[in-house]
Each structure stands twice: as C-alpha cells, then as structure tokens.
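Chemist: based on what follows, work out the 3D shape:
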Amino acid sequence: MGTAVSAGERYAEVTELVRSEPGLVAIAVAVILGLLAIAYLVARWRRPKGKRFARLIGERDEIAILMHPNPDPDAMSAAMGVAALAEQFDTESTIQYAGQIRHQENRAFQTVLDLEFDPIDHVTDLAAEDVVLVDHNEPRGFTGADGVLPIAVVDHHPGDGTGEFFTDVRTDYGASASIIAEYFRDIGATPVPADRHASETRSKYTLPSAVATGLLCGILTDTNRLTIGATAADFDAAAYLYPGVDDDRLDRITNPAVDAEVLEVKARAIAGRKIRGSFAVCDVGSINNADAIPQAADELIRLEGVTAVVICGERDGTLHISGRSRDDRVHMGRALENAVEHVPNAGAGGHARMGGGTIQLQPGLPDGGETSPESQFSRESFTDRLFRSLAGDV
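Modeler: Here you go, the predicted structure:
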C-alpha cells in the first residue's frame, strides 16, 4: 500500500512548483480567473431583464423618466411602472414629456389616477442626468433631444435607439406596459388589490393597485382591447396584473366622455372617404384636436369591405397622418414611411397594423422668407400616393 501524503508535504510540492515554473502557474491562475469571469457574465446575462433593470435603477440616486411627445396610456403607464420600481429601490424619479396630453382617454388616465407629469421644452428641463426612455427609443420633441444619451430604453416600437447600459426593445409585444409588468413579475412583486394596503402582503416588493390599473389600461389601449397586435406575452401580463386592478378606475379611464369634435371628424372621414378596392383614404381638412385623426382611423377600419385606411388632417401647419390595417398585404408602418419618403419635413412609421406620421406643410427658409417652390405640397397628390403605397406601388 502507498504511503499517505501529508498536508505539509503537499504544500511543499506546490511551493516548489511555483518557484520552478512561475510562468506556468501564472497562466493557470489567469485561466481560472477568466473562467470565473465568464461564469459571472453568463449568470448575469441569464438574470431576468426585470432584475437587471431594477438593479440599474437602484444604483441611481435620481432618474428622469421620459415619455414620447403627446403620451398615450401605454407611455404613461410604462412611466408609472418605472417610477414605482424606482420608489421601491429608494431612487427618486420624475416623469416628463414634450408636447401635450389631448386625447380624452389620455386626459382621463391622468386625472383618474391623479398623476403629475412635468412638461419639457428644452434638454435643460430634464430633472436628472440619468434618463430612462419608455415607449420610444430615441428622444424627440424638444430642443436638444438629439444630445440625450439615456441610460436605459424600454420600448415595443421598431427603431435604432439604445440605452447606454440597458436596452429592451421587444417589437413582438403589443405594448410597453406588458414589458414593465413583466419586470415586476421578474422581481417577485405582488399586485395589491384596490381594497388592501401593501403592508398586508408578505412580499418584499409590491405592485400598487393604481400602477396595475394603469398598466392594464396601457395594454388594452395599444392592442385595441387585446384584439389587434396582442401576443401571448400581453395576455400573460394582463393576467398577472388583474388581481391588483381597480375596476371602477379602469372603467372611468376607458369610457370617458367623447369630445364633440372627435365625433365630427369621424363623420367627415366616413362621408368624405375615397375608396380604391378595399383601401380607404380621407383628408378631413382642418382640425383643432389632432387626436381625432387616429380615432377616425379606428372607426373607418371597422367599415365592411375596408381592410386598410389612412386619415389625414391639418392643425397649425402640420398634417397629421394615421393609418390602420387588417390586411396581411399591407404593413401600415412601412406603407406610411414609403408614402412620405421624398416629402420634405416629414416622418412616418409604425407597426404592421397601425402607423402614423406628420408633415410640416409650410417649412420656413433659413433666412425666414417665404416657402420655396420645391417645398410646396399637394394634398391631392399625396392622397394618390397613399393609395399607391398601400398597394405596394411606391
């Protein structure tokens, strides 16, 4: 039988190896450290995105949560969710936006949930250096927006924008609210029913009823009540949120009084629509409420025999465009993007089922003079171009 090697003898052997082969030992140590580093990175990468996002937010003292211009329930609820996460990690937050909150459902959302948002016009208005973008992935709508580098981006729209430390853009999701709901689920947060207090739960993290209600509203709004563009993830998010939803508040948000002009614009769109095959296009003329345009599009797409529709209307020198599609041949976002491709001061895009855009009708010259002949825009010609774009001819 062999003689057992003592600990002292083993230590002496290792010491001698280190003295005689220092290079070999250094390589071995480097390999071990490298493997440990790789193992750490793999473990960190596999960590649920909600936990990674929460950790990033928790490392900041203060953040500015930036919604897209003229925010809708999906943007507002996503911002609410980020603010609620920040609060649970002792991070101060301010929700900000450019533009206006005009649509009656958007105004009801803010009023019913008693929310405070800070409007901004210039990059210096941002409440914190660390900015989180929700429901859009490139800052826009205020002076100096192109100079903002967000630390994080959470969105479901296509685009090239990224966050410095965190980017979560899921174009297959119907709403950004679904992504934020998933973050709460990732950290094990318990939705708190409207008639209970957070202290009554045993969970370390909670999802307040107002936030759950807002997130569900955001999902319902962006998926037309889970009927258009909704995925299994959106249904799962809705099911997770449901125990914390305040039914009364949700009803008050989703069924607000309808503005008289919205009904008028819908009527003008129906009466003045032009039809080519199964496509409908209508320029409703001058409007006071730009949010009436997407609502009119939602109405016309329901007409029998219509599979794709685009509505246009002008407010303060800007032509607002909104489109809807239930035709597999028409990707509405790309159709609108193609339609405005060569139009000066225009932009458009969106998803397969819905899209939107704007055209500045009277861009000023650098010297402040009258508009040039090259910048003149024909509404009638644009209507024809929209039809050709829907048909895939441009």
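Chemist: tell me where the stretch 51-200 of the chain has strands.
Modeler: Counting by DSSP state E, counting those that start in this stretch, the stretch 51-200 of the chain has strands at residues 62-66, 92-97, 118-119, 131-134, 152-155, 166-169, 190-191.
Chemist: redo the ones you listed as CSV? Include distance to residue 269.
Modeler: Using the backbone N, CA and C atoms, a C-beta is placed for each residue, glycine as well. Converted to CSV, the strands of the stretch 51-200 of the chain look like this (distance: least, CB to CB, whole Å):
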stretch, distance to residue 269
strand 62-66, 32
strand 92-97, 28
strand 118-119, 30
strand 131-134, 31
strand 152-155, 29
strand 166-169, 32
strand 190-191, 39
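Chemist: could you identify which of those strands is most buried?
Modeler: strand 131-134 (a mean of 28; mean count of other CB atoms under 10 Å).
Chemist: identify the residues contacting that strand?
Modeler: Contacts to strand 131-134, defined as CB atoms under 8 Å, 6 or more residues apart in numbering, come from residues 57, 63-67, 75, 78-79, 82, 139, 148-155, 161, 163, 176, 180.
Chemist: follow-up on the earlier one: now render the strands of the stretch 51-200 of the chain as JSON lines, adding distance to residue 212 and mean pLDDT.
Modeler: Formatted as JSON lines, those follow (distance: least, CB to CB, whole Å; pLDDT from 0 to 100):
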{"stretch": "strand 62-66", "distance to residue 212": "18", "mean pLDDT": "98"}
{"stretch": "strand 92-97", "distance to residue 212": "17", "mean pLDDT": "98"}
{"stretch": "strand 118-119", "distance to residue 212": "24", "mean pLDDT": "97"}
{"stretch": "strand 131-134", "distance to residue 212": "17", "mean pLDDT": "98"}
{"stretch": "strand 152-155", "distance to residue 212": "17", "mean pLDDT": "98"}
{"stretch": "strand 166-169", "distance to residue 212": "20", "mean pLDDT": "98"}
{"stretch": "strand 190-191", "distance to residue 212": "5", "mean pLDDT": "97"}
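Chemist: report the separation between residue 119 and residue 177.
Modeler: The spacing between residue 119 and residue 177, counted by CB to CB, to the nearest Å, is 22 Å.
Chemist: residues near residue 160, how many?
Modeler: Here the number of neighbours of residue 160 (other CB atoms under 10 Å) works out to 7.
Chemist: can you check the one 4 residues further on too?
Modeler: Residue 164 sits with 13 neighbouring residues when counted by other CB under 10 Å.
Chemist: for it, which non-adjacent residue is spatially closest?
Modeler: residue 151 (5.1 Å; CB to CB, 6 or more residues apart in numbering).
Chemist: so who does the one you found touch?
Modeler: Residue 151 sits in contact with 56, 60, 63, 130-132, 163-166, where contact means CB under 8 Å, 6+ apart.
Chemist: from residue 105, how far off is residue 317?
Modeler: 26 Å.
Chemist: all the helices of the stretch 201-350 of the chain, in order from the start?
Modeler: 209-222, 232-241, 247-254, 260-272, 292-300, 332-339 (DSSP state H, counting those that start in this stretch).
Chemist: nearest spatial neighbour of the residue most central in space within the chain, skipping sequence neighbours?
Modeler: Taking CA atoms, centre = their mean as the criterion, residue 135 is the residue nearest the geometric centre of the chain, at 1.4 Å. In this structure, residue 135 finds its nearest non-sequential neighbour in residue 75, 3.8 Å apart by CB to CB, 6+ apart.
Chemist: what's the neighbour count on the one you found?
Modeler: Residue 75 has 29 nearby residues by other CB under 10 Å.
Chemist: how about low-confidence regions in the stretch 51-200 of the chain?
Modeler: Counting by pLDDT under 70, not a single residue of the stretch 51-200 of the chain qualifies.
Chemist: can you show me the helices along the stretch 1-150 of the chain?
Modeler: So, for the stretch 1-150 of the chain - with DSSP H, counting those that start in this stretch - the helices run 7-20, 22-46, 49-58, 73-88, 104-112.
Chemist: show me the domain layout of this structure.
Modeler: Domain assignment for the chain by automatic domain parsing gives 7-46, 51-254, 260-390.
Chemist: which of those is buried the deepest?
Modeler: domain 51-254 (a mean of 20).
Chemist: so what's the gap between that domain and the chain middle?
Modeler: 8 Å (CA atoms, centre = their mean, to the nearest Å).
Chemist: how long is that domain from one end to the other?
Modeler: Start-to-end span of domain 51-254 (CA to CA, to the nearest Å) is 31 Å.
Chemist: heads up, I number from 36, so please use that
Modeler: Will do, 36 is the new start, and the previous item becomes domain 86-289.
Chemist: these two touch, right, residue 375 and residue 381?
Modeler: Yes: using CB atoms under 8 Å, residue 375 is in contact with residue 381, at 3.9 Å.
Chemist: so what sits against both of those two?
Modeler: Common neighbours of residue 375 and residue 381 (CB under 8 Å, 6+ apart) are 392, 394.
Chemist: circling back: any chance of a markdown table for the helices of the stretch 236-385 of the chain, columns distance to residue 62?
Modeler: Converted to a markdown table, the helices of the stretch 236-385 of the chain look like this (distance: least, CB to CB, whole Å):
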| stretch | distance to residue 62 |
| --- | --- |
| helix 244-257 | 52 |
| helix 267-276 | 46 |
| helix 282-289 | 63 |
| helix 295-307 | 72 |
| helix 327-335 | 63 |
| helix 367-374 | 54 |
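Chemist: identify the bridge partners of the nearest residue to residue 87 once chain neighbours are set aside.
Modeler: In this structure, residue 87 finds its nearest non-sequential neighbour in residue 201, 6.6 Å apart by CB to CB, 6+ apart. Residues in a beta bridge with residue 201, per DSSP bridges, are residue 187.
Chemist: show me the contacts for residue 201.
Modeler: Counted by CB under 8 Å, 6+ apart, residue 201 has contacts 87-88, 91, 186-188.
Chemist: now it: how far from residue 208?
Modeler: In terms of CB to CB, residue 201 sits 16 Å off from residue 208.
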